[in-house]
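Engineer: make a model of this:
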Amino acid sequence: MLTQIEWWGGVIFVLGALTYRMVMGALERPADGIPWYRLMMHVFFLAPAALLAGYFYPLTQPALQYGYLALLAVSLLIVAVMLVQEMTGDSGESEEMSRSKEPLKEDAKAEAEDHEEPGWLMSVVGAVVLYSPVLTACGLACTKAWPMVQPLL
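Structural biologist: Purely as a prediction, here's the structure:
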């Protein structure tokens with residue numbers, strides 16, 4: 001029988017996989033060059049998934065503990081970078097792609113003016129809800145890593 005945390009861990013994995021699939025499916029593939037934003041999104045989702053998997057195992061060897069701490073540092077850094085990009089609206093779309101879009105027609109311009117952009121608070125709430133599996137995995141990893149960090153301090 002699964003313990004409660006293992007059951008909830010499975011739910012977090014499933015929600016994370018669904019979010020990963022949804023976000024990666026919505027990203028456009030650039031025609032040429034290295035897709036940096038797509039690569040960062042892969043790390044954004046997969047590093048916390050590895051942390052969540054490691055959460056359920058005892059890390060008795062020092063090498064495993066240091067590896068877990070290093071993966072946690074990378075994960076927290078990429079989560080911070082991606083959330084800042086999400087809040088600032090820099091989604092990796094280049095200026096060339098935005099210039100190539102057709103100009104809006106007059107009716108579409110008037111309609112676009114009627115729809116206001118959501119405020120910063122709603123943007124933060126939306127990002128937290130969308131990326132909640134990643135944030136939960138990072139939070140659990142931080143709680144597991146805290147006893148490992150205390151002797152280093």
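Engineer: in the lengthiest helix in the chain, which residues are buried?
Structural biologist: Counting residues, the longest helix found in the chain (DSSP state H) is helix 62-88. The neighbour-count check on helix 62-88 (16 or more other C-beta atoms under 10 Å) flags 65, 68-69, 71-72, 75-76, 78-79, 82-83, 85-86 as buried. Quick note: C-beta positions are derived from backbone N, CA and C, even for glycine.
Engineer: including distance to residue 25, could the residues you listed go into TSV?
Structural biologist: TSV is the format used below for the buried residues of helix 62-88 (distance: C-beta to C-beta, whole Å):
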residue	distance to residue 25
65	36
68	30
69	32
71	26
72	28
75	22
76	26
78	20
79	20
82	17
83	20
85	18
86	17
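Engineer: can I get these in a markdown table including pLDDT and distance to residue 148?
Structural biologist: Listed next are the buried residues of helix 62-88 as a markdown table, based on pLDDT from 0 to 100; distance: C-beta to C-beta, whole Å:
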| residue | pLDDT | distance to residue 148 |
| --- | --- | --- |
| 65 | 92 | 5 |
| 68 | 94 | 7 |
| 69 | 95 | 6 |
| 71 | 95 | 12 |
| 72 | 95 | 9 |
| 75 | 94 | 15 |
| 76 | 94 | 15 |
| 78 | 92 | 20 |
| 79 | 88 | 19 |
| 82 | 83 | 25 |
| 83 | 79 | 25 |
| 85 | 81 | 29 |
| 86 | 74 | 29 |
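Engineer: just want the most central residue of this protein.
Structural biologist: Nearest residue to the geometric centre of the chain (C-alpha atoms, centre = their mean): residue 44, 4.3 Å.
Engineer: in contact with it, which residues?
Structural biologist: 78-79, 82, 134 (C-beta atoms under 8 Å, 6 or more residues apart in numbering).
Engineer: which residues are contacting the helix or strand containing residue 13?
Structural biologist: If you go by DSSP states H and E, residue 13 is part of helix 4-26. Helix 4-26 is contacted from outside by 2, 38, 41-42, 45-46, 48-49, 52, 55-56, 130-134, 136-137, using C-beta under 8 Å, 6+ apart.
Engineer: repeat that with 10 Å
Structural biologist: The contact list for helix 4-26 (C-beta atoms under 10 Å, 6 or more residues apart in numbering) reads 1-3, 38, 41-42, 44-46, 48-49, 52-53, 55-56, 91, 129-134, 136-137, 140.
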